[in-house]
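A.B. asks: Could you look at this predicted model? Sequence included:
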Amino acid sequence: DQQVKQNSPSLSVQEGRISILNCDYTNSMFDYFLWYKKYPAEGPTFLISISSIKDKNEDGRFTVFLNKSAKHLSLHIVPSQPGDSAVYFCAASAKETSGSRLTFGEGTQLTVNP
Amino acid sequence: KAGVTQTPRYLIKTRGQQVTLSCSPISGHRSVSWYQQTPGQGLQFLFEYFSETQRNKGNFPGRFSGRQFSNSRSEMNVSTLELGDSALYLCASSLEGRSFNEQFFGPGTRLTVL
């Protein structure tokens, strides 16, 4: 039972354009959402997060949007750069009592072409 | 501040053997979580330790176990290895293990079971 799903295994974008990565979830208990970026042979690194009390969070070129009614979130990268090429994981956590347990999606391989 | 370290980085074992992986969290972090990453499956949560106690457990068989020491270092053990245990094992540390605490990942241990 995949509670967090990233339906696009890969995405290819031209440098300078917008990259939009999507994520859907099914568990209504999730109240905190995160995006991680992973390069080969490295562990995931935290990118940006959003609490369920917000619908948007922005950090430089990265913006995460949360649509609670649709149980959908997306990550926008503007403008995209070749160095953004990596696997992006969406993750979610339930309320505080669950500690630091994260539920991850399968990941989306983003390729930004020069 | 040093990041999360994991040893060994690579490991080759045969079916039926057992293996122990080690994780040293960032200094001051008290929560350590373990994840298994396999192709197409994303990251699957194994367990979380906080102050030497297992606080959360994922849906893995009892062959997977762990522990945490008083200095917050953690070990994970897999007994009676199966071919399907071949994966990247990632450890993550966070300050208090709250859902909103950022988790910092190590580079992982690549386990191959022959």
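C.D. replies: Alright, I've got the coordinates.
A.B. asks: how about the residues of chain B that lie near chain A?
C.D. replies: B:4, B:31, B:33, B:35, B:40-45, B:48, B:50, B:55-56, B:58, B:90, B:92, B:94, B:97-108 (C-beta under 8 Å from any C-beta of the partner chain). All C-beta spots, glycine's among them, are computed from the backbone N, C-alpha and C.
A.B. asks: Counting neighbours, which of those residues end up buried?
C.D. replies: B:4, B:31, B:33, B:35, B:42-45, B:48, B:50, B:55-56, B:58, B:90, B:92, B:94, B:97, B:99, B:101, B:103-108 (16 or more other C-beta atoms under 10 Å in any protein chain shown).
A.B. asks: Flag every buried residue along the helix or strand containing residue A:66.
C.D. replies: Here residue A:66, judged by DSSP states H and E, is contained in strand A:62-67. Across strand A:62-67, burial judged by 16+ other C-beta under 10 Å covers A:62-66.
A.B. asks: Next: stretch B:68-78.
C.D. replies: In stretch B:68-78, counting by 16+ other C-beta under 10 Å, buried: B:68, B:72-76, B:78.
A.B. asks: Could I get those residues in TSV, plus columns for secondary structure and pLDDT?
C.D. replies: Formatted as TSV, those follow (DSSP: H, G, I helix; E, B strand; the rest coil; pLDDT from 0 to 100):
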residue	secondary structure	pLDDT
B:68	strand	97
B:72	coil	94
B:73	coil	97
B:74	strand	97
B:75	strand	98
B:76	strand	98
B:78	strand	97
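A.B. asks: Determine which two of the residues you listed are furthest apart.
C.D. replies: B:72 and B:78 (21.1 Å; C-beta to C-beta).
A.B. asks: Is the spatially most central residue of chain B within a helix or a strand, and which one?
C.D. replies: Nearest to the mean C-alpha position of chain B, counting by C-alpha atoms, centre = their mean, stands residue B:34 at 3.1 Å. For residue B:34, the host element (DSSP H and E) is strand B:31-38.
A.B. asks: what's the helix or strand just after that strand packed up against?
C.D. replies: Following strand B:31-38 in sequence order, the next helix or strand is strand B:42-50 (DSSP H and E). On a contact count with 3 or more C-beta pairs under 8 Å, 6 or more residues apart in numbering or on different chains; DSSP states H and E, strand B:42-50 meets strand A:86-93, strand A:103-104, strand B:31-38, strand B:53-57, strand B:64-68, strand B:74-78.
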